[in-house]
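J.: Okay, predicted coordinates and the sequence, questions at the end:
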Amino acid sequence: MELFALSAAEMVRGIKEKDFSASEVFASCLSRIEALEPELSALLALTAGRGREEAARVDGMIARGGEPGPLAGVPVVLKDNMCLRGVPATCASRILEGWIPPYDAKAAELLAGAGAVFAGKANMDEFAMGSSTEFSAFHPTSNPWDTGRVPGGSSGGSAAAVAAGYVPLALGSDTGGSIRQPASYCGLYGLKPTYGLVSRWGLVAFASSLDQIGPFARTVEDLALLLSVIAAPDARDGTCSRRERPDYTAPLAASSLRGKRIAVVKELDAMRSSVDSEVRRVLENTLNLCRDEGAEIVEVSLPVSLEFGLPCYYILAPAEASSNLARFDGVRYGLSRREDSLLDLYFSTRGAGFGAEVKRRILTGTYVLSSGYYDAYYLTAQKVRSLMKAEFRKAFGRCDLIALPTAPTPAFKKSELVDDPVRMYLADVFTLPVNLAELPALSLNGGFTGGEKPLPVGVQFIAPQWGEPELLNAAAVLERRLGKAPIAPLGAAAEGGNSR
Amino acid sequence: MTSRYIPVIGLEIHVQLSTATKIFCPCSTDYIGAEPNTNVCPVCLGLPGSLPVLNKKAVELGVRAGLALSCTIRNHTVFHRKNYFYPDLPKAYQISQYDLPLAEGGEIYIPGDDGRPRRIRITRLHLEEDAGKLVHSAADGRLEGAAFSFVDYNRGGVPLAEIVSEPDITSPGEAREYVARIRQTVRYLGVSDGDMERGSLRVDANVSVKKTDAATGEVLCWGERTEIKNMNSLRAVERALEYEIRRQTAVLAEGGTLERETRHWNDGEGVTTSMRSKEAANDYRYFPDPDIPPIVVTEELLESTRNSLPELPWAKERRFGEEYGLPEADAAFMAESLPVALYFEECVKSGASPLRAANWIRTEVFRVMNEKGFSMDSFPVKPSALAELVSMVDGGKLSTTVAREVFAHLAGGRSLKDALAAAGASPGGLSAEDVEKMVEKVLTVNGDVVEEIRSGRDPKGKKIKFLAGLVMRDARGQADAAAVSGILERRLKEGR
């Protein structure tokens, strides 16, 4: 097996035992990237030189008997809305073109400290607004399972990079489903942590009260490994919890579902028509596996979340975004159009720098915050958000985990929804209540669609606040039944025949 | 029916809080004289991905000021974003407070125009971040006519407390008193240096006039209000308001209408000019800042702050009157600033008579401070030394003239002993016996004058004063003048 195809844990073990070097691992990943990137366009920047240096540093440390950390020599990719000192961070937007952050995101700092090696920055929907990565100002990304389809979004580049075997680990950000939905479309594990578990320092804000950084991986062990590294308190983020974090890799060994109550959601039945039958089949199959493993399947009701979550989200997220994105005014950094007056500088720079979807959300957000509309929209949405939190709290009185589809459909075709924002927004109907309720949720690959080109289909598990160990435990049990998430059959890997 | 125009004034005062670091980042707040854009970091530059973290010290200072102004402190307070575009505002929103300010519903008393205390209600005190500073290329430094502008973010993120008064102020003089009172208070509390010229205390005034029936006081019509900016001294506050009230009254008296607008005080020309109309009201789209969790002001913080409040100027003033019998003006002078009050009380504790000490501080101490550019804190004459000097004068051991000379030597850095010697005065003064001897000598030497007095040729007492002067000269001022003339009179009678 080629080195790039190993899991992160396998890479770390091999590097530490000197079976192979970090430099060899990086070279293997790099050639994988170079072979497939023309087809996938998953990245916005490749940091080959920097990565080689970091890998060499890890090798040197090991040669001297040092301890390079739990991610020693593992190549990783960051979504391009995270700051890495000296590497452009564009958020896939023209307006930030050329801006080079003078500082590291906390998550990047933690990765570097754990011995990870940065391979590049991943494509995304502009400012993380979108569900297909087609709203990148630079280029769309292809789904490694079917290049005619989208990888999901907004962390589509990160998901595609892991699914294609560029790297075993990537970071995404999830504001309304932006890690879980692409994880589902690309057949990966993706985790959206509890709000406040991972520092947002250095994550370019979309909607501050909803944004969380989270991991993508092809194995549960890798997912837990990466989460353990990035889940740390940070005095530079006032919303980052100071509570102690457990070792997320610890529960995996003793995993079982005996005595666990896993809930299905009553309202899903009424939504049958808008959920793809293959998605329903995969969810049912996964729940059967849970039952086999000793879990009790119960039912909970989430009427507010499933009916009002989407409109609530599309008020609150744009409201915060309209304010967060106001700083891109052409005065200090990024795109700046030369004009004769200050007002024209603003109009011209922002007019040219933002894409249509971003403008749509800025307009929506500005509207709902305007005096005269604030109470009807923003304030009402905040009340709904409180109701959703209460509803989830109540539901978790009756169960340990809630199971839902990650997305209503498998990956859709490129261009299919670009001009239909409402249908595009519906791709997040099952994920965004989780952000509004500040809960953790994990998407795992529950199976594939039938047909000539099988597409992965995700299942989402939701836990109460700080319930990440519970999620990882369930995922580890199911991984024994479902297998690890495969690398998509592309290029050389395609010959091996990776379908199940 | 005759009508009267009565001013209605409310003030918004921005006070820079004296924290070492900015309100949401670790940058220094010491921007005066700093190279532009050197006290900056990703947070106060609003770089993408940066996050604000509240400086707790700013909250503590805000609580301190709020309590001193008799406000109710909210135990649960929230920061909002005030959204607007301007180059000095790097995030395009100012982190401020909106409907849940830190402190509300306070009051402060000022001397009214009639000399009686006037109560001015404080609407609220809230915290916010300062903006950066634009430096325009035009010759007069103003935006009009500037081809380009520079922006310096050193000041951006410096913590401010905005203190808003109710429109309880009814004259420019009261406005001046109010600002002076607030400035004095924040200085006493140590929450701000309150320097208006350097901009660490900035005043905006909302002013209108109401037309009333002179006989009944009934309000006949309310004028539109204007907001006045750029008043950089107490004097400017008073003058700007005087001008603006005259202007508004004239417009209304001529049957004209006033526009709601912001006006700029031009100190050189002594006029206010229109800056911008408020017709198109800015919609700031306030909403709670999701980056900053709600602030909980604990009972412990309130308690410890309350306990650490100094005696406030008005209380000190009252006590100086009651405890030391100082006249009102002296009490106010001694309580004006905390260092002076402390100096005064040290003097009294060291044994000086309060009245005499106050008198010396008002005159001699302040004269020397002004001449030599000393501050109270750096003043070289220790309160104990001044107290001793004052006591010597009181005890008749030193004349005021010589005491002034001694004081000048003290202010020059000498010890009391050296200063006394330098002024030719012996520390113990002269004994009654010494004075007796000196009188004897003068009487002997001036036998002719003595004869004239004894024969009744000194109806106006001029000659006896002449003799007293000679004794005092010989005593180098160390004799008590009253004692000298007493002895002289006795001896002149005796010898008859």
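T.: Received, thanks.

J.: mean confidence score for stretch A:112-129?
T.: Averaged across stretch A:112-129, pLDDT comes to 98.

J.: Need the distance between the two termini of that stretch.
T.: End-to-end distance for stretch A:112-129: 28 Å, by Cα to Cα, to the nearest Å.

J.: any weak-confidence spans in chain A?
T.: Along chain A, the parts satisfying pLDDT under 70 run over A:491-500.

J.: can you do 80?
T.: A:1, A:251, A:253-255, A:491-500 (pLDDT under 80).

J.: the longest helix in it is where?
T.: helix A:303-324 (DSSP state H).

J.: Next, see if it gets close to chain B.
T.: Yes - legend: contact between helix A:303-324 and chain B by Cβ under 8 Å from any Cβ of the partner chain is shown at A:319-320, A:322-323. Where C-beta positions appear, they are placed from N, C-alpha and C, glycine not excepted.

J.: buried stuff in that helix?
T.: Applying a neighbour-count criterion of 16 or more other Cβ atoms under 10 Å in any protein chain shown, one finds A:304-306, A:308-310, A:312-324 buried in helix A:303-324.

J.: next one: stretch B:74-89
T.: Per 16+ other Cβ under 10 Å, stretch B:74-89 contains these buried residues: B:74, B:77-83, B:85, B:87-89.

J.: Quick check, the residue in the stretch 301-450 of chain B closest to chain A?
T.: B:L301 (17.9 Å; Cβ to the nearest Cβ).

J.: check which helix or strand covers the residue nearest to that residue when sequence neighbours are not counted.
T.: Nearest residue to B:L301 in three dimensions, chain neighbours excluded: B:V63, at 6.4 Å (Cβ to Cβ, 6 or more residues apart in numbering or on different chains). Assigned by DSSP states H and E, B:V63 belongs to helix B:56-68.

J.: Could you identify the helix or strand that succeeds the longest helix of chain A?
T.: Remark: after helix A:303-324, the chain's next helix or strand is helix A:342-353, criterion DSSP H and E.

J.: right, quick check: the very next helix or strand once past that following helix against chain B, any contact?
T.: Note on helix A:342-353: by DSSP H and E, the next helix or strand toward the C-terminus is helix A:356-369. Yes - Helix A:356-369 lies in contact with chain B when judged by Cβ under 8 Å from any Cβ; the contacting residues are A:366, A:369.

J.: now the strands for chain A?
T.: A:43-46, A:75-79, A:117-122, A:169-174, A:189-192, A:212-217, A:261-265, A:296-300, A:401-405, A:441-448, A:456-462 (DSSP state E).

J.: Quick one: the ones you listed as a markdown table, columns for distance to chain B too.
T.: Shown next, in a markdown table, are those (distance: least, Cβ to the nearest Cβ, whole Å):
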| stretch | distance to chain B |
| --- | --- |
| strand A:43-46 | 15 |
| strand A:75-79 | 12 |
| strand A:117-122 | 13 |
| strand A:169-174 | 11 |
| strand A:189-192 | 17 |
| strand A:212-217 | 11 |
| strand A:261-265 | 27 |
| strand A:296-300 | 28 |
| strand A:401-405 | 25 |
| strand A:441-448 | 20 |
| strand A:456-462 | 22 |
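
J.: With distance to B:S391 added, can I get those in CSV?
T.: Listed next are the strands of chain A as CSV, based on distance: least, Cβ to Cβ, whole Å:
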stretch, distance to B:S391
strand A:43-46, 81
strand A:75-79, 77
strand A:117-122, 78
strand A:169-174, 75
strand A:189-192, 78
strand A:212-217, 73
strand A:261-265, 87
strand A:296-300, 86
strand A:401-405, 85
strand A:441-448, 81
strand A:456-462, 82
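
J.: Put together CSV for those, with mean neighbour count on each row.
T.: Rendered in CSV, the data for the strands of chain A read as follows (neighbours: other Cβ atoms under 10 Å in any protein chain shown):
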stretch, mean neighbour count
strand A:43-46, 21
strand A:75-79, 32
strand A:117-122, 28
strand A:169-174, 29
strand A:189-192, 33
strand A:212-217, 30
strand A:261-265, 20
strand A:296-300, 15
strand A:401-405, 25
strand A:441-448, 28
strand A:456-462, 28
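
J.: Excluding sequence neighbours, find me the nearest residue to the residue sitting nearest the centre point of chain B.
T.: What sits nearest the mean C-alpha location of chain B, by Cα atoms, centre = their mean, is B:Q184, with 4.4 Å. Residue nearest to B:Q184 in three dimensions, not counting chain neighbours: B:P313, with 5.3 Å by Cβ to Cβ, 6+ apart.
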